[in-house]
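Peer 1: Sequence plus predicted model, see below.
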2 protein chains.
Amino acid sequence: MSQQEFKNELEEKCAGAEEIVLSYLPEPGGPAALVYEAAGYSLQSGGKRLRPLLMLETCRLFGGDETYVYPFMAALEMIHTYSLIHDDLPAMDDDALRRGKPTNHVVYGEANAILAGDGLLNLAFETASMGALVKGGVKGTDFSRSCDVAGADILPDEGSYDPDMQKRAVKALYILGHKAGIRGMIAGQVADIQAEEQNTETDMDTLLFIHRHKTGALLEAAFTIGGLMGGADPEQLKKLERIGTLLGVAFQIRDDILDVTGDQEELGKPIGSDEKNNKSTYVSLKGLTEADQEVGRLSKEAAGLLDSLPGDHEFLTQLFAYLTERRK
Amino acid sequence: MSQQEFKNELEEKCAGAEEIVLSYLPEPGGPAALVYEAAGYSLQSGGKRLRPLLMLETCRLFGGDETYVYPFMAALEMIHTYSLIHDDLPAMDDDALRRGKPTNHVVYGEANAILAGDGLLNLAFETASMGALVKGGVKGTDFSRSCDVAGADILPDEGSYDPDMQKRAVKALYILGHKAGIRGMIAGQVADIQAEEQNTETDMDTLLFIHRHKTGALLEAAFTIGGLMGGADPEQLKKLERIGTLLGVAFQIRDDILDVTGDQEELGKPIGSDEKNNKSTYVSLKGLTEADQEVGRLSKEAAGLLDSLPGDHEFLTQLFAYLTERRK
């Protein structure tokens, strides 16, 4: 596949993943319509839909029925989006722009942005648990009709779900909560804040802990949930989890490198901001050459693991390279 | 049961519910130990554990194996607690004290309080989804050991869960997300903020929407999840959901009444704060007499519905009266 062919395919697949994700967003309405609007604003404001795309492509490696994975794709992207809304808050990173648009709290105010984030996190689990009740879950417009759930009309009939797939879906739910939670992404966010507050050089172990958790954890969720629902066995799931870790850390070290060497215009953010903020990075601790070598080593391990899995790897192999070799 | 006997029993049962809830809290550790500490600080700072208690007692009405409901009790209390942490934030109600102790952001800073809330919400779903994988879930200290979930050692064996109970648990998970989410509690929080921002008199429909969602929704979750796991049929679940709504609204109108008539010392907060904040309440819209009558009407309907359910109602009947007739 040529570079251009890959880019076209990536664009097409991202659009497909985005369509699936957005189909689970409920229609706004009622006295609290603002929270739907605020949540929708951030969920719909671009992004590569990388996590849901990786989940879907991983599921496809194993050839399972991909419908099962759709609600989990939406849930993972909702979690990613809520984390960005909360990260941008004045009490956190205090960012006014994201992907060239005003951040959620700039548009809706701080209180509503906190609640929009909370709402998306909740909606993620609501969507995913519907995905463990009904094959493919229930699309947003269909289940926004009422707050009543006790009625048998909303809770679907017993027996409508293949029992084996339902067990997998419950495991996927657990993985989602675990990877997003205080042993996953949130652990990375907390350690990151603490490292910044301490204002001394961060040691390499802590830096890698932050990268693995803040960025790696949701990628681990993407790969393992995709694999689990597609039919991966425990050995393969371990490999998939490791791929998520490797790519997450490689992606972040590449970020550290680009902060020093990148083209400000291409990157869309000021160069050298880490140094200005006195932030320890892989580059500040080890230097550019070693950072670059480390990205190469991590990418190579990830590619090797991918090669040992079944299915057609061509697109994912190029996607891995694209993510770790990117220039922006 | 005399008033004193009831109070003793209530105290004992609350302590029992608290013990169950706290047993699901993970041990702090690692570079992100602060988030465990911050989450634990709020989860452990008192409160009546009303929601988990109501869930457990409702399950007992139907005589099911109550072990199944324990992780959901913990999850519901975690959700209640996260909502208090976020409600207290400077951007929201800006409260420095809760239950006589400094609020989370006063102790840990705003960024960590936001993350502690996010962490508890996540942990709620993690705990509950473990409760759908393993009977009774997995207690905190046991599953804090690792961030790896792909390994078969953490994801329990297939077949270890009664399939019928597992279906119920997945439904319970969905109810939890739904009642806590943007069609449940969060809808109430958003409508409440909007009503305050508008600075004009709130109409009765909006006021009842806020009460039902902000307070009622988690009570509806308590009753319906307790009933569902205990073995209630769809007709009974509808009644239980209605009981939650009625008690939630009655509880809030009682709050409005106490804000006018209460004893400041007994209540632990300033009297007349609603009027000072120019906040519309049931009392400001309808007057004290009608407010009192409405609480009576709602309580009576809830008690009637309870009477139509199986099991021994004595404790719950007294608890309903205690909640709606309280003086603080």
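Peer 2: Everything's here; your move.

Peer 1: Need the pLDDT of the closest residue to A:Gly46 other than its chain neighbours.
Peer 2: Nearest residue to A:Gly46, sequence neighbours excluded (CB to CB, 6 or more residues apart in numbering or on different chains): A:Arg99, at 4.8 Å. Any C-beta I mention is one placed from the backbone N, CA and C, and that applies to glycine too. A:Arg99 is assigned 88 on the pLDDT scale.

Peer 1: what's the neighbour count on A:Arg99?
Peer 2: Using other CB atoms under 10 Å in any protein chain shown, A:Arg99 is surrounded by 11 other residues.

Peer 1: Just give me the residue right at the centre of chain A.
Peer 2: A:Arg51 (4.2 Å; CA atoms, centre = their mean).

Peer 1: quick one: contacts for it?
Peer 2: The contact partners of A:Arg51, by CB atoms under 8 Å, 6 or more residues apart in numbering or on different chains, come to A:Met73, A:Leu76, A:Glu77, A:His80, A:Leu218, A:Leu219, A:Ala221, A:Ala222.

Peer 1: at 10 Å what do you get?
Peer 2: Neighbour list for A:Arg51: A:17, A:21, A:73, A:76-77, A:79-80, A:218-219, A:221-223, A:225-226, A:244 [criterion: CB atoms under 10 Å, 6 or more residues apart in numbering or on different chains].

Peer 1: The residues you listed: which ones sit near chain B?
Peer 2: A:Ile79, A:Ala221, A:Phe223, A:Gly244 (CB under 10 Å from any CB of the partner chain).

Peer 1: Please identify the helix or strand for the second one.
Peer 2: Right, A:Ala221. Using DSSP states H and E, A:Ala221 sits in helix A:217-230.

Peer 1: so after that helix, what's the next helix or strand?
Peer 2: The first helix or strand that comes after helix A:217-230 along the chain, using DSSP H and E, is helix A:234-261.

Peer 1: quick one: that following helix to helix A:217-230, angle?
Peer 2: Per axes from the mean of the first three to the mean of the last three CA atoms, to 10 degrees, the angle that helix A:234-261 makes with helix A:217-230 is 150 degrees.

Peer 1: Show me what counts as buried in helix A:234-261.
Peer 2: The neighbour-count check on helix A:234-261 (16 or more other CB atoms under 10 Å in any protein chain shown) flags A:236-259 as buried.

Peer 1: With stretch A:206-215 instead?
Peer 2: Buried residues in stretch A:206-215, defined by neighbour count with 16+ other CB under 10 Å: A:Thr206, A:Leu207, A:Leu208, A:Phe209, A:Ile210, A:His211, A:Arg212, A:His213, A:Lys214, A:Thr215.

Peer 1: Among those, which ones are in helices?
Peer 2: Per DSSP state H, helices hold the following members of the buried residues of stretch A:206-215: A:Thr206, A:Leu207, A:Leu208, A:Phe209, A:Ile210.

Peer 1: What about chain B: which of those touch it?
Peer 2: A:Thr206, A:Leu207, A:Phe209, A:Ile210.

Peer 1: The first one and A:Ala187 touch, don't they?
Peer 2: Okay, so that is A:Thr206. No. The criterion here is CB atoms under 10 Å, and A:Thr206 misses it with A:Ala187 at 11.4 Å.

Peer 1: list residues touching both of the two?
Peer 2: B:Pro31.

Peer 1: What is the burial count for the closest residue to A:Lys101 other than its chain neighbours?
Peer 2: Using CB to CB, 6+ apart and skipping the chain neighbours, the partner closest in space to A:Lys101 is A:Ser45 (5.2 Å). Summarising burial for A:Ser45: neighbours were counted as other CB under 10 Å, giving 16.

Peer 1: ok, now A:Ala116?
Peer 2: A:Ala116: 31 neighbours (other CB under 10 Å).

Peer 1: For stretch A:281-298, C-alpha coordinates in PDB please.
Peer 2: Taking only C-alpha atoms (Å, rounded to 0.1, in the frame of the first residue of the first chain), the coordinates of stretch A:281-298 have been written out as PDB:
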ATOM      1  CA  THR A 281      10.300  14.800  29.200                       C
ATOM      2  CA  TYR A 282      12.000  11.700  27.800                       C
ATOM      3  CA  VAL A 283      14.100  14.200  25.700                       C
ATOM      4  CA  SER A 284      15.200  16.300  28.700                       C
ATOM      5  CA  LEU A 285      16.200  13.200  30.600                       C
ATOM      6  CA  LYS A 286      17.900  11.200  27.900                       C
ATOM      7  CA  GLY A 287      18.500  13.500  24.900                       C
ATOM      8  CA  LEU A 288      17.100  13.500  21.400                       C
ATOM      9  CA  THR A 289      19.100  10.600  20.000                       C
ATOM     10  CA  GLU A 290      18.200   8.200  22.700                       C
ATOM     11  CA  ALA A 291      14.500   9.300  22.600                       C
ATOM     12  CA  ASP A 292      14.400   8.600  18.900                       C
ATOM     13  CA  GLN A 293      16.000   5.200  19.400                       C
ATOM     14  CA  GLU A 294      13.500   4.300  22.100                       C
ATOM     15  CA  VAL A 295      10.500   5.100  19.900                       C
ATOM     16  CA  GLY A 296      12.100   2.900  17.200                       C
ATOM     17  CA  ARG A 297      12.600   0.100  19.700                       C
ATOM     18  CA  LEU A 298       9.000   0.300  21.100                       C
END
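
Peer 1: Spatially, and excluding backbone neighbours, which residue is closest to A:Glu196.
Peer 2: A:Lys279 (6.7 Å).

Peer 1: coming back round to it: which pLDDT value goes with the residue nearest to the centre of chain A?
Peer 2: pLDDT, A:Arg51: 97.

Peer 1: quick one: it from B:Val170, how far?
Peer 2: 23 Å (CB to CB, to the nearest Å).

Peer 1: With A:Ala195 instead?
Peer 2: A:Ala195 is 39 Å from B:Val170, where distance means CB to CB.

Peer 1: And those two? Which one has more around it.
Peer 2: A count of neighbours by other CB under 10 Å puts B:Val170 above the other of A:Ala195 and B:Val170, at 24 against 20.

Peer 1: Torsion angles phi and psi at the residue nearest to the centre of chain A?
Peer 2: Dihedral pair for A:Arg51: phi -70, psi -50, per degrees, to the nearest 10.

Peer 1: Output the below-cut-off pLDDT ranges for chain A.
Peer 2: Residues of chain A meeting the criterion pLDDT under 70: A:141-160, A:263-271, A:276, A:328.

Peer 1: So which elements touch the helix holding A:Ala221?
Peer 2: The contact analysis (3 or more CB pairs under 10 Å, 6 or more residues apart in numbering or on different chains; DSSP states H and E) places helix A:217-230 against helix A:50-62, helix A:70-88, helix A:163-180, helix A:185-198, helix A:234-261, helix A:288-307.

Peer 1: and with 8 Å instead?
Peer 2: Under the contact definition 3 or more CB pairs under 8 Å, 6 or more residues apart in numbering or on different chains; DSSP states H and E, helix A:217-230 sits against helix A:50-62, helix A:70-88, helix A:163-180, helix A:185-198, helix A:234-261.

Peer 1: quick check, nearest of the buried residues of stretch A:206-215 to B:Tyr174?
Peer 2: A:His213 (27.9 Å; CB to CB).
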